[in-house]
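K.L.:
What shape does this take:
(one chain, ligands or ions: 2)
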Amino acid sequence: MNAQLIAAYRQAFLEPQRGLQRLYEMAKRDQWNVDSQPWAALDLRRLPLSLREALSGLCCQLHYGEVASMLAAARCVEQASDSAVRMFAATQVIDEARHVEWFTRLIQLLDAGPPSGIHDSVANLIDSIYGSATLDELCLGMQLMVEGLAQTVFQEAAHVLRTLSPRGGSDFADPVGGPLLLADWLQNGIARDESRHIAFGVLHLGQRMRQLSRVQIDALQRKVEYWGQLLLAIPQADEPHFATLGLDSQILAARCVSDLNLHLRQAGLDVQIAAAPLSQT
Ligand SMILES: [Fe+2]
Ligand SMILES: [Fe+2]
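P.N.:
Residues are numbered from 1 along each chain as shown. Ligands and ions are numbered 1, 2, ... in the order given. Predicted coordinates for the structure are as follows:
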């Protein structure tokens, strides 16, 4: 018999860890369908091309992260040694597949030309994390750092989209309210899923921290420092797009670092990312 399959089969009968089980139940309860959103009501061609290009460019970077998250979650399903971890990761695979589908549709609706290339700064971070040698590194990088970065960008992007509503005060105000609809979907659909993925990362990594050796923990902490620098390079590299969207890249980076440091503390990691110094403008 296949040793990996028989081990997974036996583990499925063990009592799951309560926190992981709770997240798994929430994931089942909160499934949603991209098709059930009223896409026909979303006419984004009313927005100026410069704004659509900036939104599309940002969505392409996020899309790349969603694809990587889906593949990383699938690796976790296959390689995790705990049944509850495997079961939750399986729900994350379908969540991320839905996010990939959502961003593909949105980029097509923005109609701002062919999908843009992936920025070096984004690829540097995601490719390094995706190449992790261990599941612990992969969990740290994807669940805390990439998910955390995406979550912060989603929250900020939703805020910007709300300013595009008729009463939002933007010069680009859309009388039909398409951006407002988009902000609601972003926050109530995708961002809610990502919160659950981050919670899983914090919980699982926190449990692993009690099992790892000092040498293994030190290696994880060095990864945080390295990936933290790569992460901080992203808002700086994409500053023109952020500026077009009305996003302040320095504020975005500071919020990212603050959220990430909180999650690192919650997971029991004794390392923090230093915020980038504010440039004098
Ligand atoms: Fe996602
Ligand atoms: Fe996610």
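
K.L.:
Please make it C-alpha for all contacts and neighbour counts, starting now.
P.N.:
Will do.

K.L.:
Please spell out which residues along whichever helix in the chain runs longest are buried.
P.N.:
Counting residues, the longest helix in the chain under DSSP state H turns out to be helix 49-79. In terms of neighbour count (16 or more other CA atoms under 10 Å), helix 49-79 has its buried residues at 51-77.

K.L.:
which residues in the stretch 1-150 of the chain form helices?
P.N.:
3-11, 18-29, 49-79, 83-110, 120-130, 135-138, 147-163 (DSSP state H, counting those that start in this stretch).

K.L.:
can these go into TSV with extra columns for distance to P38 and mean pLDDT?
P.N.:
Shown next, in TSV, are those (distance: least, CA to CA, whole Å; pLDDT from 0 to 100):
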stretch	distance to P38	mean pLDDT
helix 3-11	40	91
helix 18-29	21	97
helix 49-79	19	95
helix 83-110	12	96
helix 120-130	31	97
helix 135-138	35	98
helix 147-163	17	88
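
K.L.:
Reformat those helices as CSV; add distance to ligand 1.
P.N.:
As requested, the helices of the stretch 1-150 of the chain are exported to CSV (distance: least, CA to the ion, whole Å):
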stretch, distance to ligand 1
helix 3-11, 26
helix 18-29, 13
helix 49-79, 5
helix 83-110, 5
helix 120-130, 13
helix 135-138, 15
helix 147-163, 7
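
K.L.:
Go through those and name the closest to P240.
P.N.:
helix 49-79 (8.5 Å; CA to CA).

K.L.:
average pLDDT across stretch 229-244?
P.N.:
If you average the pLDDT over stretch 229-244, you get 84.

K.L.:
Centre of the chain to that stretch, how far?
P.N.:
16 Å (CA atoms, centre = their mean, to the nearest Å).

K.L.:
sorry, back to before: what's the distance between the longest helix of the chain and the middle of its chain?
P.N.:
The mean C-alpha position of helix 49-79 is separated from the chain mean by 8 Å, CA atoms, centre = their mean.

K.L.:
Could you report the distance from M209 to S132?
P.N.:
Counting by CA to CA, to the nearest Å, the gap from M209 to S132 is 17 Å.

K.L.:
Over to I107?
P.N.:
29 Å.

K.L.:
which of those two has more neighbours?
P.N.:
I107 (23 against 17; other CA atoms under 10 Å).

K.L.:
Make sure that one is actually in contact with C59.
P.N.:
Yes. Counting by CA atoms under 8 Å, I107 touches C59, with 6.8 Å between them.

K.L.:
host element of the residue of the stretch 151-281 of the chain found nearest ligand 1?
P.N.:
Closest to ligand 1 within the stretch 151-281 of the chain is E194: 5.8 Å, counting by CA to the ion. Using DSSP states H and E, the element containing E194 is helix 191-209.

K.L.:
Can you point out the buried residues in that helix?
P.N.:
191, 193-194, 196-206, 209.

K.L.:
Could you report the neighbour count for I6?
P.N.:
11.

K.L.:
So for the chain, the centremost residue is which one?
P.N.:
The chain has E147 as the residue nearest its centroid, 2.9 Å off, counting by CA atoms, centre = their mean.

K.L.:
contacting residues around that one?
P.N.:
E194, H197, I198 (CA atoms under 8 Å, 6 or more residues apart in numbering).

K.L.:
Around the closest residue to the last one other than its chain neighbours, count how many other residues there are.
P.N.:
Ranked by CA to CA, 6 or more residues apart in numbering and with sequence neighbours excluded, the top spatial neighbour of I198 is Q143, at 5.3 Å. Taking other CA under 10 Å as the criterion, the count of residues near Q143 is 27.
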